[in-house]
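**Q** Predicted model follows, preceded by the sequence.
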Amino acid sequence: MHLVDGQGRTLSEATRAAAEDAFAWALREFPRIDPVLLAEWSEEVAKAIEARSEAVESPKRYAFAALHGKVRQWLRSKASHEIPVGIGAELEEWAGVDRNTQSKMDRAIFFDQMKTKLNDRDKHILILLLQDITSPASVAEALDVSYTAAAQAIHRVKERIAATLSDSRNHRPNSSRFCEAEI
C-alpha cells in the first residue's frame, strides 16, 4: 500500500497502523476479493482518516468500519459474483445444474402431478401446451378436432390447472394432496 495524503506526505503512525491492520483483517475475512482492490480501499480510508484527524477519536475503529463498509457496498453492488470451485462445482457444471435447476425440477414435478388429475384428452393438451403449442388452431390440428372445441379444451385445462394451484395454496400444511407420504 502507498500510504500518503493528498499532498504526497506520509501519514501519521496511528493512521498508518490503523489502515494496515484493517487491510490485514480484510484480507483474512474476504480472501476472494482482489487484494489490490482492498489495498486501494485501505488507502482511501487512510486518506479520509488523515483528512478528519481532529474528528476521528479512534483511527483503528474508523479504519475497520470504513473498510468493512466499502467491502459490503461492493458486494451489494453486484460488481462481484461467486464462482464456485472444486469438485462439487465441476460436477454441477458437468451435470448441467445451475440456478434454475430447482425451479425446473419443481415445474416438472408439478406437471407430472397434473397429468394424474387430467383425463386423456386434457393430458394431450397439457403436453402440447408444455411444448409451446398454444394456439387453438395447432391444438385442433394435433387432436383432430374443431377450432372451437380446441379453444374450449385449452380453456378447460387452464382452469383445472388454476383450480389445482388455488387448492394447493389453500390446503392444510400437513395435507398429502400431492404426495403419498406425509412429512
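**A** The structure has been received and is ready for your questions.
**Q** Does I133 touch A140 like I think?
**A** No - using C-beta atoms under 8 Å, I133 makes no contact with A140, being 10.7 Å away. Quick note: C-beta positions are derived from backbone N, CA and C, even for glycine.
**Q** ok, the two, which is more surrounded?
**A** A side-by-side neighbour count of I133 and A140, using other C-beta atoms under 10 Å, places A140 first with 18 against 14.
**Q** what's the helix or strand for the more buried one?
**A** Using DSSP states H and E, A140 sits within helix 136-143.
**Q** Please tell me how far the host helix or strand of R28 is from the chain's geometric centre.
**A** Using DSSP H and E, R28 falls within helix 13-29. For helix 13-29, the separation from the chain centroid amounts to 32 Å (computed by C-alpha atoms, centre = their mean, to the nearest Å).
**Q** try stretch 138-157
**A** In this view, stretch 138-157 has its centroid 39 Å away from the chain centroid, taken as C-alpha atoms, centre = their mean.
**Q** If you count neighbours, what's buried in it?
**A** V139, A140, V145, A150, A151, A153, I154, V157 (16 or more other C-beta atoms under 10 Å).
**Q** Which one of the residues you listed is nearest to D122?
**A** Nearest to D122 among the buried residues of stretch 138-157 is V157, at 5.0 Å by C-beta to C-beta.
**Q** Show the pLDDT at the closest one.
**A** We have a pLDDT of 84 for V157.
**Q** In three-state terms, label it for me.
**A** Secondary structure, DSSP: H, G, I helix; E, B strand; the rest coil: V157 is helix.
**Q** can you pull the contacts of it?
**A** V157 sits next to L118, D122, I125, L126, L129 when contact means C-beta atoms under 8 Å, 6 or more residues apart in numbering.
**Q** If anything else comes up later, I'll come back, but that's it for now.
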